[in-house]
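Colleague: output the structure for:
(chains A and B)
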There are 2 protein chains.
Amino acid sequence: MVAPLKVGIAGLGTVGAEVVRLIEAQQSILSARCGRGIKVVAVTARNKSKKRGIDLRGIDWMKDPLAVATHPEVDCFVELMGGAGDPALSSISAALAAGKSVVTANKALVAKHGVKLATLAEKHGGALNYEAAVAGAVPVIKTIREGLSGTSINRVYGILNGTCNYILTRMEQEGLSFAECLKDAQRLGYAEAEPSFDVDGYDTAQKLAILASLAFGTKVNESAVSVEGISTIAAEDLRAAADLGYRIKLLGVAMRTKTGIEQRVHPTMVPLTSSIAQVMGVTNAVTIDGAGIAPITLVGPGAGGAATASAVLADVADVARNVRALPFAQPVAKLKTTTKAPMERHEGGYYIRLMARDLAGTAARIATRLAEQKISLESIVQKHPNGGLEPIDGTKKSSPVPVILITYATSEDAMRRALQAVQKDKVISGKPQVIRIEKN
Amino acid sequence: MVAPLKVGIAGLGTVGAEVVRLIEAQQSILSARCGRGIKVVAVTARNKSKKRGIDLRGIDWMKDPLAVATHPEVDCFVELMGGAGDPALSSISAALAAGKSVVTANKALVAKHGVKLATLAEKHGGALNYEAAVAGAVPVIKTIREGLSGTSINRVYGILNGTCNYILTRMEQEGLSFAECLKDAQRLGYAEAEPSFDVDGYDTAQKLAILASLAFGTKVNESAVSVEGISTIAAEDLRAAADLGYRIKLLGVAMRTKTGIEQRVHPTMVPLTSSIAQVMGVTNAVTIDGAGIAPITLVGPGAGGAATASAVLADVADVARNVRALPFAQPVAKLKTTTKAPMERHEGGYYIRLMARDLAGTAARIATRLAEQKISLESIVQKHPNGGLEPIDGTKKSSPVPVILITYATSEDAMRRALQAVQKDKVISGKPQVIRIEKN
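Modeller: As a prediction, this is how the structure comes out:
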């Protein structure tokens, strides 16, 4: 009989308490699956006296995270405090330096210090597992790190932030504005009082940087991601998208291009028929395009105590049965450095919404300006006063009318030059709304 | 430097040839990921002289699969011949008995002899990996076997047969009959000349039995699955489903019930809003319901040379880096025996399509017969001659008119008794069409 894996946990919020509860409740199945028991031997949290509904008798209560990480009995240190700096960083580093394995749900830490931590893990032989850091209970880390070892990945993209997807879903379904939905999301606890980290795309960028590293063998680097959030999206964009066979999602996209790995987070038009377009509310999803095979999509709960605890426990179980992959799939020494790909070089289709001043003249002018940049149009429609869409018919209108263009693939640079020319022509009022299209 | 993993392959069809090609093409990334190289040292196939577009120089060509399996240099035997009996069974058994690891894409073999093979693998220490046996490139085996170790699974269900999903998709999209679509699928190579194994649900049943074993810790047992195919589905069922907010899919469903594990394959109404409903054409999908968490759905290519080879290679990579889980997640000694759950005990909602002889009287009679069995109706609609659907209004019609009922959850037994009573009443003509509803 192999000795049980001894676990120390720092952080006993919703997730930590659920992990303690599940290890106890699922003891017999876990030991059957792992060939050994799993036992919590040490914990710490900010408030010792808080009621958590779990039995902590027989478990050492330590004064701080570092004491859990370096507890002589602990084989596997589970960090559930969050935060990109100390005490998470120092305690995880100490555990890895002592040859212990580490399980964390901390995306910010992995995004910022992943390479350093992986180096420590490699040197001292411990595991560094972080399934819960991206897409909650959906085993996307394991899928890319192990399950697709035989596949050369060309692109990985996904809905990685439940708050943004919840807001976009409600905006679309109820025709509400971004501000209204955000307020509601805050009231319901789906968005923070300080929402920028979510709605401006930074949370998605951290998760994307992790996925990109695994998929493309690059050093995880949050600053190599171009980031735009969803605050500029209007209800009319969501309506126009639906009319044209698209839906708007905040995607994180990492892909191989001729010039390197492009990593970007932005509101994106995805075909209504794609798997990713069906993902509504707080649900997360990741699509992986492998060379020569149809896309693989994983969908599921991206947050919440039980979902996160499920992923944490799967990581702990892998440590227990010695299922071990390198933190970023390859040795750190083999990981390549990435830099931010200039978005001007991005190639793809675009949705463009303009307010046309004088329709008859404008349509010709816009078409000319786009043609000058060798941009072809998939469709050009004008928003009719009754709310429907119809092809431009050349009829002169007196007040500004929305015109919506869908371009075929072009470079972002060409698209921007064309729009600058259109603005200089003074045939439109205000700033054009531009949303990138991602085809499946 | 660890010595490379030496691989022997039996079967060099589309998949086998692609595996050989990929091992060569991805040598450097594979060795970075696995910490050692992967090298094909021995192969066999029925026809040595066939052109395969791969370089077999330096690889031993063996006279039969057994010779590959017992080749003294082979560490990992890859079986890609198919077939539930010999030579697949004998050669895999020999490899496992010799302490080698085995990778196979052979669902029939795993479904029929999985327990025996797992016993051998456990006894002699080799791995038994079969990711490609279910849902092709979608890493569903790994997800359940390892990725959800921390989750108590209540239900697993999926679209596991691309042929059936292709036929149902075309029937729905083009309003064609089953027979027409089957013929087309055969012409296009999506269905076999002898289609029964696919369209009657047996292929799905084998895959479901494997998933059930992993999810519920049962001995894989194909004969414990209740099986119905799609040949009775009519284009009008697909139309009515869409009108009522459902789509018809051939699902394999395994779930925990009060009386044990229920395993069944049948045409199923799934809500149009579910992830699984969006899966069209030859694509496969599996949804896993874990206790306390929202469903996780995996979608992707279920067949094809490249997709299958991708899964096979991931399994080989796991052997190379010594990522090792038990074949059925738990030791064979812990696996429970399952028997076929009687479908009369099944509980769920039902779609029922009847041809009503005399509408006014019939509606009342049907309602009474259902009420006698304590069955409540979610909706009852009559097919209007113009093709639309409208609520029954009591108007008397002269010729048989289709009536469609959607029931709330009830037992299959009660539903059958109610329909028998309706048939005895002679108010309907022909046999009722019954399709089970699976809620997400």
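
Colleague: please enumerate the helices of the stretch 301-440 of chain A.
Modeller: A:305-320, A:359-372, A:412-424 (DSSP state H, counting those that start in this stretch).

Colleague: which helices and strands does the first one pack with?
Modeller: On a contact count with 3 or more CB pairs under 8 Å, 6 or more residues apart in numbering or on different chains; DSSP states H and E, helix A:305-320 meets strand A:5-10, helix A:14-25, helix A:27-34, strand A:38-44, strand A:76-79, strand A:101-104, strand A:128-129. Glycine gets a C-beta too; all of them are placed from N, C-alpha and C.

Colleague: list the buried residues of that helix.
Modeller: A:305-320 (16 or more other CB atoms under 10 Å in any protein chain shown).

Colleague: now the residue most central in space within chain A. Its backbone dihedrals?
Modeller: The residue lying closest to the centre of chain A (CA atoms, centre = their mean) is residue A:160, at 2.9 Å. Reported as degrees, to the nearest 10, the phi and psi values for residue A:160 are phi -110, psi 0.

Colleague: returning to that earlier point: would you single out the least confident of the helices and strands packed on helix A:305-320?
Modeller: Ranked by mean pLDDT, the helices and strands packed on helix A:305-320 bottom out at helix A:27-34, with a mean of 92.

Colleague: before we move on, back to that, list the contacts of the residue lying closest to the residue nearest to the centre of chain A once chain neighbours are set aside.
Modeller: Leaving aside its chain neighbours, residue A:160 sits nearest to residue A:207 (4.2 Å; criterion: CB to CB, 6 or more residues apart in numbering or on different chains). With contact set as CB atoms under 8 Å, 6 or more residues apart in numbering or on different chains, residue A:207 has these partners: A:107, A:111, A:133, A:134, A:135, A:160, A:161, A:252.

Colleague: same check on residue A:311?
Modeller: A:105, A:131, A:132, A:136, A:137, A:138, A:139, B:150.

Colleague: burial count for the first one?
Modeller: So that's residue A:105. 27 (other CB atoms under 10 Å in any protein chain shown).

Colleague: nearest to chain B, of the buried residues of helix A:305-320?
Modeller: residue A:313 (2.5 Å; CB to the nearest CB).

Colleague: now the closest one. Nearest residue, chain neighbours left out?
Modeller: residue B:150 (2.5 Å).

Colleague: in this structure the one you found contacts residue A:308, no?
Modeller: No: using CB atoms under 8 Å, residue B:150 makes no contact with residue A:308, being 10.4 Å away.

Colleague: strands of the stretch 101-250 of chain A, start to end?
Modeller: For the stretch 101-250 of chain A, applying DSSP state E, counting those that start in this stretch gives strands covering A:101-104, A:128-129, A:153-159, A:226-227, A:246-257.

Colleague: so residue A:257 makes contact with residue A:338?
Modeller: No: applying CB under 8 Å as the test, residue A:257 and residue A:338 come out as separate, 11.6 Å apart.

Colleague: between those two, who's got more neighbours?
Modeller: residue A:338 (23 against 13).

Colleague: ok, which of the helices and strands packed on helix A:305-320 comes nearest chain B?
Modeller: helix A:27-34 (4.3 Å).

Colleague: for the closest one, buried residues please.
Modeller: Quick answer for helix A:27-34 (16+ other CB under 10 Å): A:29, A:30, A:31, A:32, A:33, A:34.

Colleague: ok, which of these also contact chain B?
Modeller: Applying CB under 8 Å from any CB of the partner chain to the buried residues of helix A:27-34, one finds that A:29, A:30, A:32, A:33, A:34 fall near chain B.

Colleague: can you list the residues you listed in TSV and add distance to residue B:377?
Modeller: Formatted as TSV, these follow (distance: CB to CB, whole Å):
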residue	distance to residue B:377
A:29	40
A:30	44
A:32	44
A:33	44
A:34	48
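
Colleague: from these, which is closest to residue B:122?
Modeller: Residue B:122 lies nearest to residue A:32 out of those, by CB to CB, at 12.5 Å.

Colleague: ok, that closest one - contacts?
Modeller: B:217, B:330, B:331, B:334.

Colleague: in ChimeraX, select just the buried ones from the residues you listed.
Modeller: Per 16+ other CB under 10 Å, the buried members of the contacts of residue A:32 correspond to this ChimeraX selection:
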select /B:217,330,331
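
Colleague: of all the contacts of residue A:32, which two lie farthest apart?
Modeller: Longest span within these, CB to CB: B:217 and B:331, 9.9 Å.

Colleague: show me what contacts residue A:438?
Modeller: Applying CB under 8 Å, 6+ apart, the residues near residue A:438 are A:157, A:251, A:253, A:268, A:269, A:270, A:348.

Colleague: list the contacts of the first one.
Modeller: Okay, so that is residue A:157. Per CB under 8 Å, 6+ apart, neighbours of residue A:157: A:251, A:252, A:253, A:254, A:255, A:276, A:286, A:287, A:438.

Colleague: and those, which is the shakiest by pLDDT?
Modeller: residue A:276 (91).

Colleague: look up how far residue B:284 lies from it.
Modeller: Counting by CB to CB, to the nearest Å, the separation of residue A:276 from residue B:284 is 17 Å.

Colleague: what does residue A:132 give?
Modeller: Applying CB to CB to residue A:132 and residue B:284 gives a distance of 26 Å.

Colleague: pLDDT below threshold where in chain A?
Modeller: Applying pLDDT under 70 to chain A flags the ranges A:1, A:358-359, A:383-398.

Colleague: so which of the contacts of residue A:32 would count as near chain A as well?
Modeller: B:217, B:330, B:331, B:334.

Colleague: looking at these, which one is closest to residue B:414?
Modeller: Using CB to CB, the ones next to chain A among the contacts of residue A:32 come closest to residue B:414 at residue B:217, 31.1 Å.

Colleague: not counting its neighbours along the chain, what's nearest the closest one?
Modeller: Per CB to CB, 6+ apart, closest to residue B:217 is residue B:330, 5.1 Å.

Colleague: who's the one you found bridged to?
Modeller: residue B:328 (DSSP bridges).

Colleague: check contacts around it.
Modeller: A:29, A:32, A:33, B:217.

Colleague: mind putting the strands of the stretch 101-250 of chain A in TSV, distance to residue B:292 included?
Modeller: Converted to TSV, those look like this (distance: least, CB to CB, whole Å):
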stretch	distance to residue B:292
strand A:101-104	19
strand A:128-129	21
strand A:153-159	22
strand A:226-227	33
strand A:246-257	27
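
Colleague: show me what residue of the stretch 101-250 of chain A gets nearest to chain B.
Modeller: For the stretch 101-250 of chain A, CB to the nearest CB, closest residue to chain B: residue A:150, 2.5 Å.

Colleague: just checking, residue A:317 touches residue A:37?
Modeller: No: between residue A:317 and residue A:37 there is no contact under CB under 8 Å: 11.2 Å.

Colleague: where do the contact lists of these two overlap?
Modeller: residue A:30.

Colleague: show me which residues of the stretch 101-250 of chain A sit near chain B.
Modeller: So the stretch 101-250 of chain A meets chain B at A:131, A:137-139, A:142-143, A:146-152, A:217 (CB under 8 Å from any CB).

Colleague: tell me the two of those residues that are most distant?
Modeller: Longest span within those, CB to CB: A:137 and A:152, 27.1 Å.

Colleague: between those two, which one's more packed in?
Modeller: residue A:137 (32 against 18).

Colleague: skipping adjacent residues, who's closest to the more buried one in space?
Modeller: Using CB to CB, 6+ apart, the nearest residue to residue A:137 is residue A:307, at 3.8 Å.
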